[in-house]
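Engineer: this one's sequence-less:
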C-alpha cells in the first residue's frame, strides 16, 4: 500500500476595513495527520490546503486561520479570520 497527497478546494479570506493592500499568512491551528498540512499559497488571500502521506482508507482533519495585516502607516492593524476546517480522505 502506498500513500498519496490531497489538496482541498480553495477558500478565500476577505478582509473589510483597514487600509489595503493587505498581507496574508495562513497557519495551522490543529491537525490529526501524520504530517503537518500546509497552505498551497500561504501568503495569498485565496488558498487550498495540502496533506501528504494519506494511505488507503485514511482520513485527516485540520483547522486553519489567516492572519491579515493592513498597510496603515505606523502600527498596522492585524486580525485573524474565522477558522477554516479541511478534510482529506482516500477511500479507494
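Structural biologist: All right, it came through fine. Predicted model only: the values in this text are computed from it and were never measured.

Engineer: shaky segments in the protein?
Structural biologist: 1-2, 91-92 (pLDDT under 70).

Engineer: can you rerun that using 80?
Structural biologist: 1-2, 56, 75, 90-92 (pLDDT under 80).

Engineer: show me where it has helices.
Structural biologist: Remark: helices of the chain are absent; assignment by DSSP state H.

Engineer: Name the single longest strand found in it.
Structural biologist: strand 58-69 (DSSP state E).

Engineer: Would you map the strands across this structure?
Structural biologist: 3-7, 11-12, 23-31, 38-39, 46-47, 49-55, 58-69, 78-80, 84-90.

Engineer: Can you tell me which helices and strands the longest strand of the chain packs against?
Structural biologist: Judged by 3 or more C-beta pairs under 8 Å, 6 or more residues apart in numbering; DSSP states H and E, the packing partners of strand 58-69 are strand 23-31, strand 49-55, strand 78-80, strand 84-90. To be clear about C-beta, it is placed using only N, CA and C from the backbone, and glycine gets the same treatment.

Engineer: Okay then, goodbye and thanks.
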